[in-house]
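Asks: I need the structure of the sequence given here:
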Amino acid sequence: MNQTPVHAPLTQFRVVNDRLIIGGNSVEQLAAQVGQTPFYVYERQAMRQRVEQLRTLLPPRVSVHYAIKANPMPAVVAQMARMVDGLDVASLGELQVAIGSGMPAAEISFAGPGKGDTELRGAIAAGVTINLESAGELERALRIGQDLGTTPNLAVRVNPDFELKSSGMKMSGGPKPFGIDAEVVPEVLARIGETAAHFRGFHIYSGSQNLRPDSLIDAQDATFKLAYRLAEQAPSAVEMLNIGGGFGIPYFPGEQRLDLRPVCANLAKRVDECRQRLGGVDIVIELGRYLIAEAGAYVCRVIDKKVSRGLTYLVTDGGLHHHLAASGNFGQVIRKNYPVVTAHAVHDGPRETVSVVGPLCTPLDILSGKMALGKAGVGDLIVVLQSGAYGYTASPHLFLGHPAPRQILV
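Replies: Just a heads-up that it's a prediction; the model follows:
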């Protein structure tokens, strides 16, 4: 007999008397403090626990970097900067947030396939490491460094000749706008060797949002093999090897939480091997979603409750303009529900099958479709979990002219 898939157990936030507690406060208390709905809330303790759990599994001396693109809220980045070893940015705006967090420039890297001259100038002036995405970008960086009288810190982002199987978003294999094709990298390395630029190493990133340990292990093995091959043609010692991340979190019904134990056990073997072959290289795991997604929630309020031909709708003041990913319009082919709860009735009490929708004039404005939730009425609060990454900044706030949500860190 087939069972309806359910969401993986989510325990990052406490539940007291069936009320969701975030940062020591009920969601209702948080709403009163914020003074409006909708809002995003991120919890320091959940962030801290995730980083600490990760470090207990990772081999010693593997550096953890936070990819700011997942959540660039300055307060979140500042908190993360106190817990991780480095930051990765993808724009000049993110670079300014990273520098403002207090992270040393030497531990900040700048990736992205379309860095303009203004961005390159800012990155070179700040002294951060630029992950080169093309031969043309290399030439522009060299010219700008010369203009500034500064030696650029350069790493080569490699588009591998393999991909991360079963990843939610594939970033490698075949033609890609990201990185320099592996077979072309030797030419770029030779060109760097002709200059006074400071060669740092490689950034080899093959995909994201993967929940399969075997797939991650295969990608890590292939990444180290590729790094060894390319290192033979490097203009100087490889100081840094960023192997990306790809660690996923469970969003949708039926997904299982990633078991990192076999991944990190395999990584320990590769790290020992890598240090024997490349010396004192800094091996970096770069993560965004995995570190912050489960520490965040999106909160909105029911403004109407209606029944249409047998289906009950909770109409809220939040929607796809604030949380595009939860609406299913941020990469999903078939829409699936994020974990959603009623703030005051998380597990117990009467349940009701409802669809939670927003106020926008489009049928795409769905936060959950036909889910069994704790019974809610007008004025009650609905919470979308797993919302710490690619929520606020990945959503079209200007769509239909509704106010933007607030963000708080607790």
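
Asks: just to confirm, which helix or strand has Arg55 in it?
Replies: Using DSSP states H and E, Arg55 maps to helix 44-57.

Asks: What of His321?
Replies: His321 belongs to no helix or strand, assigned by DSSP H and E.

Asks: any chance you could map the strands in the stretch 101-250 of the chain?
Replies: For the stretch 101-250 of the chain, the strands defined by DSSP state E, counting those that start in this stretch cover 108-110, 129-132, 153-159, 169-170, 180-181, 198-204, 207-208, 240-242.

Asks: show me where pLDDT drops low in the chain?
Replies: Counting by pLDDT under 70, the chain shows low-confidence ranges at 1-3, 163-177.

Asks: Just give the closest residue to Ala372, not the sequence neighbours.
Replies: Distance criterion Cβ to Cβ, 6 or more residues apart in numbering; nearest residue to Ala372, sequence neighbours excluded, is Arg351 at 4.6 Å. The C-beta positions use only the backbone N, C-alpha and C, and glycine is treated the same way.

Asks: Report the inter-axis angle for the strand ranked longest in the chain versus helix 44-57.
Replies: In the chain, taking DSSP state E as the definition, the longest strand is strand 296-308. Counting by axes from the mean of the first three to the mean of the last three Cα atoms, to 10 degrees, strand 296-308 lies at 120 degrees to helix 44-57.

Asks: Direction included, what does strand 296-308 pair against?
Replies: In the sheet, strand 296-308 lines up against strand 39-42 (antiparallel), strand 311-316 (antiparallel), strand 381-384 (antiparallel) (DSSP bridges).

Asks: so how far is the second one from its chain's centroid?
Replies: I take that to be strand 311-316. Averaging C-alpha positions (Cα atoms, centre = their mean, to the nearest Å) puts strand 311-316 30 Å from its chain's average.

Asks: Output that strand in PDB with nothing but the alpha carbons.
Replies: Backbone C-alpha positions of strand 311-316 (Å, rounded to 0.1, in the frame of the first residue of the first chain) are rendered in PDB as follows:
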ATOM      1  CA  LEU A 311     -11.100  23.300  -1.100                       C
ATOM      2  CA  THR A 312     -10.300  25.600   1.800                       C
ATOM      3  CA  TYR A 313      -8.000  28.500   1.100                       C
ATOM      4  CA  LEU A 314      -6.000  30.500   3.700                       C
ATOM      5  CA  VAL A 315      -5.300  33.800   2.000                       C
ATOM      6  CA  THR A 316      -2.200  35.500   3.600                       C
END
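
Asks: Quick check: buried residues in it?
Replies: Thr312, Tyr313, Leu314, Val315, Thr316 (16 or more other Cβ atoms under 10 Å).

Asks: Spell out the secondary structure type for His65.
Replies: Using DSSP: H, G, I helix; E, B strand; the rest coil, the structure places His65 in strand.

Asks: So this structure: which segments form each domain?
Replies: If you go by automatic domain parsing, the domain ranges for the chain are 14-42+295-409, 111-287.

Asks: Could you dump those domains into JSON lines with distance to Val76 added?
Replies: Formatted as JSON lines, the domains of the chain follow (distance: least, Cβ to Cβ, whole Å):
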{"stretch": "domain 14-42+295-409", "distance to Val76": "6"}
{"stretch": "domain 111-287", "distance to Val76": "14"}
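
Asks: re earlier: for the strands of the stretch 101-250 of the chain, could you give me a markdown table that also reports distance to Ile22?
Replies: Shown next, in a markdown table, are the strands of the stretch 101-250 of the chain (distance: least, Cβ to Cβ, whole Å):
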| stretch | distance to Ile22 |
| --- | --- |
| strand 108-110 | 30 |
| strand 129-132 | 35 |
| strand 153-159 | 36 |
| strand 169-170 | 28 |
| strand 180-181 | 43 |
| strand 198-204 | 34 |
| strand 207-208 | 26 |
| strand 240-242 | 32 |
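
Asks: ok, residues contacting stretch 44-64?
Replies: Stretch 44-64 has contacts (Cβ atoms under 8 Å, 6 or more residues apart in numbering) with 12-13, 23, 76, 79-80, 83-86, 260-261, 264, 267-268, 271-272, 282-285, 287, 290-292, 294-295, 409-410.

Asks: returning to that earlier point: in TSV: the strands paired with strand 296-308, plus distance to Gln256.
Replies: As requested, these are exported to TSV (distance: least, Cβ to Cβ, whole Å):
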stretch	distance to Gln256
strand 39-42	25
strand 311-316	29
strand 381-384	20
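
Asks: Relative to Ile192, tell me which of these wins on proximity.
Replies: Closest to Ile192 of those, according to Cβ to Cβ: strand 39-42, at 39.2 Å.

Asks: starting at the chain centroid, how far to the closest one?
Replies: 16 Å.

Asks: what's in contact with that strand?
Replies: Applying Cβ under 8 Å, 6+ apart, the set of residues contacting strand 39-42 is 22-23, 27, 30-31, 71, 73, 76, 292, 295-299, 387-388, 391-392, 405-410.

Asks: go with 7 Å
Replies: Contact partners of strand 39-42, identified using Cβ atoms under 7 Å, 6 or more residues apart in numbering, comprise 22, 30, 76, 295-299, 387-388, 391-392, 405-410.

Asks: Helices along the chain, start to end?
Replies: Along the chain, counting by DSSP state H, helices occupy 27-34, 44-57, 74-81, 92-100, 117-126, 135-148, 185-193, 213-231, 261-278, 289-292.

Asks: Among these, show me which one is buried the most.
Replies: helix 289-292 (a mean of 27; mean count of other Cβ atoms under 10 Å).

Asks: who does that helix touch, helix- and strand-wise?
Replies: helix 44-57 (3 or more Cβ pairs under 7 Å, 6 or more residues apart in numbering; DSSP states H and E).

Asks: Show me what counts as buried in stretch 348-360.
Replies: By 16+ other Cβ under 10 Å, the buried positions in stretch 348-360 come out as Glu352, Val354, Ser355, Val356, Val357, Gly358, Pro359, Leu360.
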